[in-house]
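no sequence on hand, only this structure:
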């Protein structure tokens, strides 16, 4: 019996002009956005790789100079695009793309692509993720709001029930029929996505295919939530019109209202400082130190070196005391940066967690979080790269100051190192975090989406059983 | 049957419709929440602006004090930060923060103000690279999702409320069988529908404008009546557009359910799908020049300039004057030599930036044409412009800061080149930044195109609805 229901539903749907047109629209938007995302990601990826290579070349061919001058010259790091970012560009347009790694300072990532665009581009970017998170659920609603309600209105529900088919079978049949119709749209997109992933330059993503598979699973769960909700509402609604209005309201709250409400709420609960205040705090702490972090004392540092080497004057030291002092200042400022940037990143993380928790009211937040996480375009993975770049900067500074300390004497400004030293610094090689790390960060969203899935399926199975035939 | 009768009956009907009352109540609550978000954000920006202003005053006072102390025979706090040197007085330690006060109606539309920089520290080293900075500190996640402000509620949610109020304005009468009765009176379907919708438009616009004016009142936005007028006109035109659309669909004589489906579909296409599709098409057809390439070009520009300078020692001392132990700090001509190199870098940076900006402006102009396809984009643009949080005001601010940086250099660089010292007397003449906020004529000029197109769309659909309603008969 069930396969007959499935076949009937499936045939009904693909014969329905409304479904055909909306499916063609959503399907083509999905494919276009995938293609667009892929082209963009590939272009960005190539650009970044080229820029990174040029930055390295600049570093290696900077000519002879004092190592500390080289430290000031620094290098640029460009954030690599991960393989799956073509599905979901996530926060990438709103984080900078490059950072200057120089002496004494932890710089911000600059050049946010969104700053170059217009305000219009902030009210809707067409990415595959947007289509999957917003338009596919809408299509599911349009497909299924009448599943029971319309049959009831036409009087065919009574006949169906009279055949002795169980409610459970009926619901499952309708769900599978709709899924079959949707699969016509989603399976080709998934195949195209997987193919693009294989063909694409994989970038520094660990296991892109595994990430892709989990991503597909998350979206599938999200679609099942909508399918089950829609069937449940259709079974209990007074009329198909009521069902449609109610489901559309759910859709608006889920996709449009709740995410923005959550943003403002999280900002109020976990406020961040203004950029002005932040910069002034860092400046003040760099000058005076803070709590138990005290700025290095140049005289003390010199006295210690004199005692250590048994020398009378700094000129007699076998090393460059300035190099030692510079490195001490570097270690000091690193602690100031860790303190301030750490607090900022933590505030961002708390805002994100609060928003993830609010996914209890809107599953789109949970699937959005998982989607960005798996695509490698969420805030946590931006931080992961920012911290890798900062670690690289600190190692670079240590090497430069170390070379200056060992190979020149205090007060000797004529010392110049050359390409040999520059080339001895390994290039920045970034490794994206593994899948386990990403999922570990996203336990909350996994749990909330899981709860939505279980809740929606349970709701559907209980409500369908209580449906009235007429 | 007079207009008064229709309005009175409509009010009774509205009061009797519980779901509709709930929807209206919910809408008011959401508008209130949106407004408080805007106010919180405005206060945050105002505090920052105040801090930058008092920072300017404090810095100037400290320099003044030190200069006076030196003139009275004292010593500078450090021989390398001697404020008498124009490179110090006009450099980072003497810099002036140029700030853009929040737009007069920021509380109504946060717009681009959370993304674009609204203050810059200006000193003699300000160059094109200085403009590549981030705006306010903000979680990128929040930037991506967007804020829940009044502008968002107007652009996205207001049409839904309008449609909920008017999708069955005529079809319901037909379905209940009251249409024939109504039209048996000496009235036309056109005038009945117009009056019914006028009542609903009064309710919706009354709520939205009421909350907007409350926001303006609470945040001092009444100082710019032109902006409030533009905001109100846009809100009214945009909601009338949706009412006209509902009237037109009703005139087609189909069922309420059909009307609802078609109108929600129209909302989806015009508000959700079209802006996204336009953005995608714009990105595909007119890609913005890459900033990544610009970083490399800039780096090469400054490499050339720096390599031309033979004195790496000078460079080193410039970075770390405190390390020179006073040996060469007073070397004559060092300042001029160093400035020559800085100037060369700036010149190259300007070339690179100008090329990039030219391409960007060209692409943006092309992209902006597409906004005429979506009333939502037009409304958004006009609302942000009215609030003073749109792209135009930020671009204007940036070009004013560029001019100010030029003034600043003109003040200090001649002294650097001549190796002159400055004294406390010059402080009064140091340039300060004052924003010349675009006048209302500018605003009106910018708003003309989007409003005209919006009005055109409204007229077109209104006319179609009028013709359609003229054909409606009581019994069909």
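Arrived safely, thanks for sending. This one's a predicted model, so the numbers in the text were calculated from it and none came from an experiment. Residues are numbered from 1 along each chain as shown, chains lettered A, B, ... in the order given.

just list the residues touching residue A:268, thanks.
residue B:40 (Cβ atoms under 8 Å, 6 or more residues apart in numbering or on different chains). (Each C-beta comes from the backbone N, C-alpha and C, glycine too.)

could you measure from it over to residue A:351?
Separation of residue A:268 from residue A:351 (Cβ to Cβ, to the nearest Å): 10 Å.

I'd say residue B:63 and residue B:83 touch.
Yes - at 5.1 Å, residue B:63 counts as touching residue B:83 under the criterion of Cβ atoms under 8 Å.

so those two - more neighbours on which side?
Ranked by neighbour count (other Cβ atoms under 10 Å in any protein chain shown), residue B:63 and residue B:83 place residue B:83 first, with 25 against 19.

SS state for that one?
coil (DSSP: H, G, I helix; E, B strand; the rest coil).

do I have it right that it meets residue B:68?
No - taking contacts as Cβ under 8 Å, residue B:83 lies outside contact range of residue B:68: 10.2 Å.

before we move on, back to that, joint contacts of residue B:63 and residue B:83?
Shared contacts of residue B:63 and residue B:83, defined by Cβ under 8 Å, 6+ apart, comprise B:89, B:93-94.

quick one: low-confidence residue ranges for the stretch 351-476 of chain B.
The stretch 351-476 of chain B contains residues with pLDDT under 70 at B:474-476.

residues in it within reach of chain A, list them.
Counting by Cβ under 8 Å from any Cβ of the partner chain, the stretch 351-476 of chain B comes close to chain A at B:360, B:364, B:367-368, B:371, B:376-377, B:380-381, B:384, B:390-391.

make TSV out of the residues you listed and add secondary structure.
Output for those, formatted as TSV (three-state DSSP):
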residue	secondary structure
B:360	helix
B:364	helix
B:367	helix
B:368	helix
B:371	helix
B:376	helix
B:377	helix
B:380	helix
B:381	helix
B:384	helix
B:390	coil
B:391	helix
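
drop anything exposed from those.
B:360, B:364, B:367-368, B:371, B:376-377, B:380-381, B:384, B:390-391 (16 or more other Cβ atoms under 10 Å in any protein chain shown).

what's the most distant pair in these?
B:360 and B:376 (24.2 Å; Cβ to Cβ).

how close does the most centrally placed residue in chain A get to residue A:82?
For chain A, the residue nearest the mean C-alpha position is residue A:378 (1.6 Å; Cα atoms, centre = their mean). According to Cβ to Cβ, residue A:378 stands 11 Å off from residue A:82.

kindly report the same for residue A:411.
Residue A:411 is 48 Å from residue A:82, where distance means Cβ to Cβ.

more neighbours, those two?
Higher neighbour count among residue A:411 and residue A:82: residue A:82, with 25 against 15, using other Cβ under 10 Å.

my read: that one touches residue A:376, true?
Yes - between residue A:82 and residue A:376 there is a contact at 3.4 Å, judged by Cβ under 8 Å.

let's see the pLDDT reported for residue 307.
Going with chain A. Note on residue A:307: pLDDT of 90.

not quite, go with chain B.
According to the prediction, residue B:307 has pLDDT 60.

go on, residue A:203?
Reading off the model, residue A:203 has pLDDT 60.

just the one 3 residues further on next, same as before
If you check residue A:206, the pLDDT there is 65.

who's in contact with stretch B:389-402?
Contacts for stretch B:389-402 (Cβ under 8 Å, 6+ apart): A:118-119, B:98, B:100, B:102-103, B:105-106, B:109-113, B:116-118, B:120, B:122, B:131, B:381, B:384-385, B:433, B:435-438, B:446.

hmm, residue A:185 is touching residue A:28, no?
No - using Cβ under 8 Å, residue A:185 and residue A:28 do not qualify as a contacting pair, with a distance of 9.7 Å.

please say which of those two ends up with more neighbours.
residue A:185 (19 against 12).

leaving out sequence neighbours, find the closest residue to the more buried one.
Here the nearest residue to residue A:185 in space, its sequence neighbours aside, is residue A:27; by Cβ to Cβ, 6 or more residues apart in numbering or on different chains that works out to 4.4 Å.

just list the residues touching that neighbour, thanks.
For residue A:27, the contacting residues are A:185, A:188-189, by Cβ under 8 Å, 6+ apart.

could you redo these as TSV and give each row secondary structure and pLDDT?
Listed next are the contacts of residue A:27 as TSV, based on DSSP: H, G, I helix; E, B strand; the rest coil; pLDDT from 0 to 100:
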residue	secondary structure	pLDDT
A:185	helix	85
A:188	helix	87
A:189	helix	86
